[in-house]
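1. no letters, just coordinates:
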Ligand code: C2E
Ligand code: CA
Ligand code: CA
């Protein structure tokens, strides 16, 4: 602890690093996550905090040079200060839109070593989740008025944008400042505006009467699709062609932007929505006529939405989210069309917005539950195992099926959190059966291909499984179809598969025969089983379908794999699958997914199924 005369810490704050730190003109104090942390630190270690000359200007460097400060707070990785001593203190990092922002504190040379040590100690004891959870929540709850933002993600986005603004402000030289300003507002590849330029324009319009005449047009380019199907060399040519086309359609008063998400956005005035829809439709059509690929691009590859700047989209992140979701929805239509994003037209993206924000809390509160659908031996019809399927028991919306949350969890990368959560629950279920001396029932658990190709997945998986004692081979991981994997991810996935299999667990392909799975996968990955997708089972009534299935079953068996068939509903399908020597069957013909408790009861009660035993409707647990 410092001596009494040293017990005041002078801090040069960063008034622009919202929401991490900002100066609240009303309460005349610094607010935000870092002031919250410093406040807690000061209370715990018995200091008094004094922010030097709080105001709207950033004077950190100057105050440090005048030897007036002990601490420069709210710094970003990469910022350097001449009058500081030693390495900065790492506070926390935050990911938004694929970018990591690292927040730091600098201790100046005039501050005593003890202060540095205590701060470092306190920061090290504050976990990342406290930073992004508790502290950020405190800030949200205590901040009011113009500073209270949409949600944690709203705040995070604002932080990233303003971090960029900050970089420009700190530059010493005017020309450099101008150059940085241009870089901030202009996309170097296309010459269109950036998200920051859009953010400023939307903010300017927020109190403006003319706001209601503006629409934001979103042109979504599915560059991945174009790359995979038409060649990666076409991707940058398409981006340039699109930017040129957008420029050709816009005037000085419009703001065309290339968003960090890859979408093209145009802020433009229209007489009414009809006019905006027509305009966006023509623009999308012209982009689809991309000369690089011979034939026109599809509605999926170039899709469009019109988002009126309605009052409910004051928050830019939310506006962009809606615009993108609606453009994606338009891309799923058979015929090219433009989606009008508005109060009535996009209730599904509103639901998604809410669910996305509630997901973390849902996991913490264990709102996700497992249902179990039984597997039966194709020849004896004995119940041999089951598949764990998740459901979200949402406190307001009721029981939600995976189609309501898996697609966007895949998209935003949080699917691995759900997968690991379900893995833990599946292990607990197997452990319970083991305690009851049921040691032949195997349980399969869905793991997204995206999770499977994450570095560290096998370690996380083994950490979970190590807490249990059930026989390892009873746990099967089903690799679900989600996205394509690039070469690096494929290598990582192979490593994970090898690790997991060498620890005794089993791995199988789910949804085999549709989507992105291919014969290549059989070549590349050593697997224990193959689950034939329902679509193949449905096509079995055709001669071609049967031929295909026969080849798959034979190939799988030759490679030493167990063959499962899913989605079995008809007697005829059972007959054919048995003829084809398929090993295990799953489908409504045998059982619907049951709440875990009920499934447990059934396992304990009986373990022989006949097709006519097919369960009734799925029941709520
Ligand atoms: P899936 O792994 O292919 O699971 C089978 C889906 O088909 C289940 O839908 C199941 O209820 C349904 N199904 C089973 N038998 C039949 C049948 O005879 N006829 C028909 N029409 N459908 C049948 P569900 O539970 O809605 O799951 C949908 C998908 O969500 C799953 O497809 C799986 O890919 C994914 N999923 C569910 N839980 C998780 C999870 O925890 N993690 C991951 N990554 N994915 C999950
Ligand atoms: Ca599955
Ligand atoms: Ca499947």
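-> On my side now, so go ahead. Remember, predicted model here, so these are calculated numbers, not experimental data. Numbering: from 1, shown residues only. Ligands and ions are numbered 1, 2, ... in the order given.

2. so how far is stretch 60-73 from its chain's centroid?
-> Remark: stretch 60-73 is offset 39 Å from the chain centroid, using Cα atoms, centre = their mean, to the nearest Å.

3. residues in contact with that stretch?
-> The contact list for stretch 60-73, computed with Cβ atoms under 8 Å, 6 or more residues apart in numbering, reads 9-14, 21, 34-35, 38, 52-53, 75, 81-84, 105-111, 115, 119, 170. To be clear about C-beta, it is placed using only N, CA and C from the backbone, and glycine gets the same treatment.

4. among those, which are in helices?
-> Among the contacts of stretch 60-73, the members falling in helices (DSSP state H) are 34, 35, 38, 115, 119, 170.

5. isn't residue 104 right next to residue 92, touching?
-> No. In this structure residue 104 lies outside contact range of residue 92 using Cβ atoms under 8 Å: 9.4 Å.

6. would you map the strands across the stretch 451-600 of the chain?
-> 475-480, 506-512, 529-532, 562-565, 584-585, 594-595 (DSSP state E, counting those that start in this stretch).

7. and ligand 1, which of the ones you listed is closest to it?
-> Each of the strands of the stretch 451-600 of the chain has some distance to ligand 1 by Cβ to the nearest ligand atom; the shortest is strand 475-480, at 4.2 Å.

8. pLDDT (mean, whole number) over the closest one?
-> Strand 475-480 shows an average pLDDT of 96 in the prediction.

9. in its sheet, what does it sit against?
-> Its sheet considered, strand 475-480 pairs with strand 442-448 (parallel), strand 506-512 (parallel) by DSSP bridges.

10. what lies in contact with stretch 77-97?
-> Against stretch 77-97 from outside (Cβ under 8 Å, 6+ apart): 34, 37, 60-61, 64-65, 67, 72, 75, 100-109, 111, 116, 119-120, 123, 126, 128, 131-132, 153, 156-157, 159-160, 170, 260-261.

11. quick check: the most centrally placed residue in the chain vs residue 401, distance?
-> The geometric centre of the chain, computed from its C-alpha atoms, lies nearest to residue 412 (Cα atoms, centre = their mean), at 1.6 Å. Plainly put, residue 412 is 19 Å away from residue 401 if you go by Cβ to Cβ, to the nearest Å.

12. show me what from the stretch 351-500 of the chain comes close to ligand 1.
-> Applying Cβ under 6 Å from any ligand atom, we find that the stretch 351-500 of the chain lies next to ligand 1 at 373, 389-390, 401-402, 406, 415, 418-419, 422, 446-448, 480.

13. again, only this time at 5 Å
-> 389, 390, 401, 402, 406, 422, 446, 448, 480 (Cβ under 5 Å from any ligand atom).

14. okay if I get these as a markdown table plus distance to residue 269?
-> Formatted as a markdown table, those follow (distance: Cβ to Cβ, whole Å):
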| residue | distance to residue 269 |
| --- | --- |
| 389 | 49 |
| 390 | 46 |
| 401 | 42 |
| 402 | 42 |
| 406 | 39 |
| 422 | 49 |
| 446 | 48 |
| 448 | 43 |
| 480 | 45 |
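
15. farthest-apart pair in these, please.
-> For these, with distances taken as Cβ to Cβ, the pair at the greatest spread is 401 and 448 (16.2 Å).

16. these two: which has the busier surroundings?
-> Counted by other Cβ atoms under 10 Å, residue 401 and residue 448 do not tie: residue 448 has more neighbours, with 23 against 14.

17. ok, back up a step: between the ones in helices among the contacts of stretch 60-73, which has the most around it?
-> Tallying neighbours with other Cβ under 10 Å puts residue 34 at the head of these, with 28 neighbours.

18. remind me which residues of the stretch 201-350 of the chain are low pLDDT?
-> Applying pLDDT under 70 to the stretch 201-350 of the chain flags residues 311-314, 343-345.

19. so which residue of it comes closest to ligand 2?
-> Ligand 2 sits closest to residue 332 of the stretch 201-350 of the chain, with a gap of 22.6 Å, by Cβ to the ion.

20. ok, that residue touching residue 305?
-> No. Using Cβ under 8 Å, residue 332 is not in contact with residue 305, being 11.9 Å away.

21. comparing those two, which residue is more hemmed in?
-> Legend: neighbour count by other Cβ under 10 Å for residue 332 and residue 305, higher for residue 305 (32 against 10).

22. now for the more buried one: which residues touch it?
-> By Cβ under 8 Å, 6+ apart, the contact list for residue 305 reads 217-218, 220, 280, 323-324, 326-327, 329-330, 338-341.

23. ok, what's across the strand from it?
-> residue 218, residue 339.

24. could you check the distance from it over to residue 400?
-> Residue 305 sits 25 Å away from residue 400, taking Cβ to Cβ as the criterion.

25. what's the neighbour count on residue 590?
-> By other Cβ under 10 Å, 23 other residues sit near residue 590.

26. and the residue in the stretch 301-450 of the chain that ligand 2 sits nearest to, how many neighbours?
-> Nearest to ligand 2, among the residues of the stretch 301-450 of the chain, is residue 446, at 4.6 Å (Cβ to the ion). Using other Cβ under 10 Å, residue 446 has 22 neighbouring residues.

27. so who does it touch?
-> Residues near residue 446 by Cβ under 8 Å, 6+ apart: 387, 388, 389, 390, 419, 422, 478, 480, 510.

28. my read: the fifth one touches residue 460, true?
-> Spelled out, that is residue 419. No. The pair residue 419 and residue 460 does not pass the contact test of Cβ under 8 Å, sitting 9.5 Å apart.

29. so which of these two has more stuff around it?
-> Using other Cβ under 10 Å, the more surrounded residue of residue 419 and residue 460 is residue 419, with 25 against 16.

30. quick one: whatever helix or strand residue 390 lives in to chain centroid distance?
-> Element membership for residue 390, per DSSP states H and E: strand 383-394. From the chain centre to the centre of strand 383-394 is a distance of 23 Å (Cα atoms, centre = their mean).

31. could you chop this structure up by domain?
-> 8-184, 195-345, 352-613 (automatic domain parsing).

32. weakest of those domains by average pLDDT?
-> Per-stretch mean pLDDT for the domains of the chain is lowest at domain 8-184 (a mean of 72).

33. would you map the helices across the stretch 501-621 of the chain?
-> All helices of the stretch 501-621 of the chain, identified by DSSP state H, counting those that start in this stretch, fall at 519-524, 534-538, 543-558, 571-579, 596-605.

34. buried set for the last one?
-> In this case it means helix 596-605. For helix 596-605, the neighbour count (16 or more other Cβ atoms under 10 Å) marks 596, 599, 600, 602, 603 as buried.

35. same thing with the longest one?
-> Neighbour-count burial for helix 543-558 flags 545, 546, 548, 549, 552, 553, 556 (criterion: 16+ other Cβ under 10 Å).

36. okay, those in a markdown table with distance to ligand 3 next?
-> Formatted as a markdown table, the buried residues of helix 543-558 follow (distance: Cβ to the ion, whole Å):
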| residue | distance to ligand 3 |
| --- | --- |
| 545 | 17 |
| 546 | 20 |
| 548 | 17 |
| 549 | 15 |
| 552 | 14 |
| 553 | 16 |
| 556 | 15 |
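
37. now the strands for the stretch 151-300 of the chain?
-> Applying DSSP E, counting those that start in this stretch to the stretch 151-300 of the chain gives strands spanning 214-221, 255-258, 264-269.

38. great, nothing more from me.
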